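Trainee: Predicted model, plus sequence, below.
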2 protein chains.
Amino acid sequence: MGDATTTSDSSLPPLEKPNVPTQPAEENARVQSTIKTLNLIPHIEGGYFQLSDSSPRSIPSPYPATPLSEDTLKYVDAKPRGDTRLMSTSIFYYLTPNSPKGSFHRNRSRIIHTLHRGRGRYVVIHEDKSIETFVVGNNIEKGEKLQWVVKGGSWKASFLLDDGSAEDNSGLLITETVVPGFDYSDHEFMSQKLFEETVDSEEDRKQLRWLIKQDYSPSA
Amino acid sequence: MGDATTTSDSSLPPLEKPNVPTQPAEENARVQSTIKTLNLIPHIEGGYFQLSDSSPRSIPSPYPATPLSEDTLKYVDAKPRGDTRLMSTSIFYYLTPNSPKGSFHRNRSRIIHTLHRGRGRYVVIHEDKSIETFVVGNNIEKGEKLQWVVKGGSWKASFLLDDGSAEDNSGLLITETVVPGFDYSDHEFMSQKLFEETVDSEEDRKQLRWLIKQDYSPSA
């Protein structure tokens, strides 16, 4: 996979940084139209989303009864599902010029990601602390991915890249299918503290720090 | 959903028919490159595919022990998985100018489809014999779908449409995620006989007959 790099102790390649807007601005016309048509709403991780499918079938939860993060449950005011999970849930997820960053978080469930439109970079920190980064996009001959899976337990962040088109950037639009289905009791944000503990190399921390959720300071 | 139509007793709208090549011809350069890069191989339903992801987690099979179709198992020479299923499996599936048709079949599992590229028509016959048809493509403002789910037990067929581009048609490329994971003991082809029994309206049969797998004549 041309652009994929895994490193456990140091030195990611130099990563792109989009201009993250410091003030809210109007999204361009195609982005506005996409948000409206797909009925997307702002996501607490950054970007926009909409739940688009839920399996009608449940299974016993394969996870511990204890939520992965009490802080997440407090933060989103979510009621945990308990001892079952839906077989799968799917969302549209959309990074845009004015909300170009999906901040670090993890889920106990595997997530199958598929690309509809655009180009972006993913950064995944695995449970063994190795860091993987790759570009998702339509240029598959250059190693860009149309389909990528993030294992349960791995931290992920993503950000929008220029797609090389002459037109305004119309965003990175994907589907995420969570198996077993999404529940906030399986979700955790990366805090500043966890980030410092998880990423060993100062060089890597410098490059990745902006991908931590900015307005999140858990109690612990 | 602009282009979606459901009818239980008659009269689909007039559907497009692509020119199905009667002789093998060479696929265009972009199609060839896609097939090579994603390592796709011909699919017995038509088009090309590649298994791209399998969940490492299994669950007890929620389905009857008896295969849905002994004919399928004989036809593909598959060994049924038995009393477990993987949580999910995903494939790339690709309809091309020279293999533009995915013929009618069904699966016990729900399948989540996501669009990467191109435009096509789906025809779904539900268990109550109602027929649904819709266009998948990037023009979401016109009701084309980027994401569509086919329920377990529903018959489906698909075919490639012109995408309106001035360039050669570069095919309809999608991901299919099967939950629980794919097994040939959950699969059945639509036979000529089943088709006649399932589609009540002679008008509809006329429009849909070409979507039956041509080289398939089960023993029963």
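Mentor: Sure, I can see it. Please read all numbers here as calculations on a predicted model, not as lab measurements. Numbering: from 1, shown residues only, chains lettered A, B, ... in the order given.
Trainee: What score does A:N39 have for pLDDT?
Mentor: On pLDDT, A:N39 comes in at 98.
Trainee: Roughly how far does the residue nearest to it when sequence neighbours are not counted sit from chain B?
Mentor: Residue nearest to A:N39 in three dimensions, not counting chain neighbours: A:Q50, with 5.2 Å by CB to CB, 6 or more residues apart in numbering or on different chains. For the C-beta atoms, the positions are set from N, CA and C on the backbone; glycine is no exception. Distance, A:Q50 to chain B, by CB to the nearest CB, to the nearest Å: 10 Å.
Trainee: and the helix or strand hosting A:Q50, what does it pack onto?
Mentor: Assigned by DSSP states H and E, A:Q50 falls within strand A:48-54. If contacts are counted by 3 or more CB pairs under 8 Å, 6 or more residues apart in numbering or on different chains; DSSP states H and E, strand A:48-54 sits against strand A:41-42, strand A:89-95, strand B:147-150.
Trainee: swap the cut-off to 10 Å and go again
Mentor: When contacts are defined as 3 or more CB pairs under 10 Å, 6 or more residues apart in numbering or on different chains; DSSP states H and E, strand A:48-54 packs onto helix A:29-37, strand A:41-42, strand A:89-95, strand A:172-179, strand B:110-117, strand B:147-150.
Trainee: Let me know whether the first one sits next to chain B.
Mentor: I take that to be helix A:29-37. Yes: Helix A:29-37 lies within reach of chain B by CB under 10 Å from any CB of the partner chain, at A:R30, A:S33, A:T34, A:K36, A:T37.
Trainee: Could you list the buried residues of that helix?
Mentor: By neighbour count on 16 or more other CB atoms under 10 Å in any protein chain shown, the buried set for helix A:29-37 is A:R30, A:V31, A:T34, A:I35.
Trainee: ranges for the helices of chain A?
Mentor: Assigned helices in chain A, in chain order: A:29-37, A:70-76, A:192-198, A:202-208 (criterion: DSSP state H).
Trainee: what's the offset of the third one from the middle of its chain?
Mentor: Going back to what we said before, that points to helix A:192-198. Using CA atoms, centre = their mean, to the nearest Å, the mean C-alpha position of helix A:192-198 is found 18 Å from that of the whole chain.
Trainee: same check, this time on the longest one
Mentor: On the basis of CA atoms, centre = their mean, helix A:29-37 is displaced by 21 Å from the centre of the chain it belongs to.
Trainee: Closest to chain B out of the buried residues of helix A:29-37?
Mentor: The closest of the buried residues of helix A:29-37 to chain B turns out to be A:T34 (CB to the nearest CB; 7.0 Å).
Trainee: ok, A:G181 to chain B distance?
Mentor: 9 Å.
Trainee: Could you check how far that residue is from B:T84?
Mentor: Going from A:G181 to B:T84 by CB to CB, to the nearest Å gives 20 Å.
Trainee: Looking at the two, which one has more neighbours?
Mentor: Neighbour tally, A:G181 and B:T84, criterion other CB atoms under 10 Å in any protein chain shown: the higher count belongs to A:G181, 24 against 12.
Trainee: correct me, but the more buried one touches A:S88?
Mentor: Yes: with contacts counted by CB atoms under 10 Å, A:G181 reaches A:S88, the gap being 5.3 Å.
Trainee: Need the residues touching each of these two.
Mentor: Counting by CB atoms under 10 Å, 6 or more residues apart in numbering or on different chains, the common neighbours of A:G181 and A:S88 are A:D53, A:S54, A:S55, A:R57, A:S109, B:V179.
Trainee: Could you single out the nearest of those to A:E26?
Mentor: A:D53 (30.1 Å; CB to CB).
Trainee: Give the burial count for the closest one, as a bare number.
Mentor: 18.
Trainee: one step back: using a markdown table, lay out the helices of chain A together with distance to A:V20.
Mentor: As requested, the helices of chain A are exported to a markdown table (distance: least, CB to CB, whole Å):
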| stretch | distance to A:V20 |
| --- | --- |
| helix A:29-37 | 16 |
| helix A:70-76 | 21 |
| helix A:192-198 | 18 |
| helix A:202-208 | 14 |
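Trainee: Can you flag the weakest of those helices by average pLDDT?
Mentor: Across these, helix A:70-76 gives the lowest mean pLDDT, at a mean of 87.
Trainee: How about it, which residues are buried there?
Mentor: Buried residues in helix A:70-76, defined by neighbour count with 16+ other CB under 10 Å: A:D71, A:T72, A:L73, A:Y75.
Trainee: and if you look at stretch A:126-133?
Mentor: Applying 16+ other CB under 10 Å to stretch A:126-133 flags A:H126, A:I131, A:E132, A:T133 as buried.
Trainee: Of the residues you listed, which belong to strands?
Mentor: Members of the buried residues of stretch A:126-133 lying in strands (criterion: DSSP state E): A:I131, A:E132, A:T133.
Trainee: Once you drop chain neighbours, what's closest to A:D204?
Mentor: A:L12 (5.5 Å).
Trainee: what's the one you found in contact with, if anything?
Mentor: Counting by CB under 10 Å, 6+ apart, A:L12 touches A:5-6, A:123, A:131-133, A:199, A:201, A:203-204, A:206-208.
Trainee: and of these, the nearest to B:H43?
Mentor: A:E132 (30.5 Å).
Trainee: Verify the stated contact: A:S191 with A:W155.
Mentor: No: assessed by CB under 10 Å, A:S191 is found out of contact with A:W155, at 11.2 Å.
Trainee: Spit out the residues that contact these two alike.
Mentor: Contact with both A:S191 and A:W155 is made by residues A:F104, according to CB under 10 Å, 6+ apart.
Trainee: Comparing these two, which residue is more hemmed in?
Mentor: With neighbours defined as other CB under 10 Å, A:S191 and A:W155 compare such that A:W155 has more, 25 against 18.
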